[in-house]
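Participant: the following comprises the amino acid sequence and a computationally predicted model.
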Amino acid sequence: MGFRGVCFDKDNTLTEPYKDDVYEPYKKSIDLCLEVFGRDKVAIISNSAGSSDDTDFKKAQQIESSLGMHVIRHGTKKPDGIDQVSAHFNTTPDRLIMVGDRYLTDILFGNLYGMLTIFTKPITSNGDNPMVKLIRNKEHQFVQYSKQFYQPPLQPLFKPGIYFKK
């Protein structure tokens, strides 16, 4: 059966910070993801659009229109919001993939609930919130230090030999 859907963070994962179109070099990959999973099985979960910061979910509607992807309305901040994610995909979190550029929001969110997590480097620091830049730097330092003591959680559906060739 395999994975049933993909959740993307928006800012610095799909788009440049606070922009509303897919970062050009990623367009073909995103189109392929939509083709493989189906448009209804790819969604955005953001700490801006669809969150408690998004009055009347106007930003979520704008993003859906510009990106052509559903924005999950969770009215909270990651790592909360898993109930809305599970409801949207109509499956358990362990059958989902979470893609994001932040360890303490996106990756923590996915790992807490058993998702396969994919960490991406931020697209750019240009236009990014200065506090986010500072926190991201501290997250990176912490993860680099922690690697000597901890391994990423195992995800039962992920079989490295199938996806990667040596």
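Facilitator: Arrived safely, thanks for sending. Residues are numbered from 1 along each chain as shown.
Participant: what ranges does the chain have for its strands?
Facilitator: 5-8, 42-44, 70-71, 96-100, 116-119 (DSSP state E).
Participant: give me the contacts around stretch 36-51.
Facilitator: For stretch 36-51, contacts defined as C-beta atoms under 8 Å, 6 or more residues apart in numbering pick out 3-11, 14, 18, 33-34, 53-54, 57, 59-60, 62-63, 67-78, 81, 85, 88-89, 98, 105, 109. For the C-beta atoms, the positions are set from N, CA and C on the backbone; glycine is no exception.
Participant: what's the burial count for K58?
Facilitator: When neighbours are counted by other C-beta atoms under 10 Å, K58 registers 10.
Participant: where's it relative to I44, distance?
Facilitator: Separation of K58 from I44 (C-beta to C-beta, to the nearest Å) stands at 15 Å.
Participant: same check, this time on T91
Facilitator: Per C-beta to C-beta, T91 is found 17 Å from I44.
Participant: same drill for those two, tell me which one is more crowded.
Facilitator: I44 (24 against 16).
Participant: show me the beta-bridge partners of that one.
Facilitator: Judged by DSSP bridges, the bridge partners of I44 are F8, V71.
Participant: where helices are concerned, which of the contacts of stretch 36-51 count?
Facilitator: In this view, the contacts of stretch 36-51 that belong to helices under DSSP state H are 33-34, 59-60, 62-63, 67, 85, 88-89, 109.
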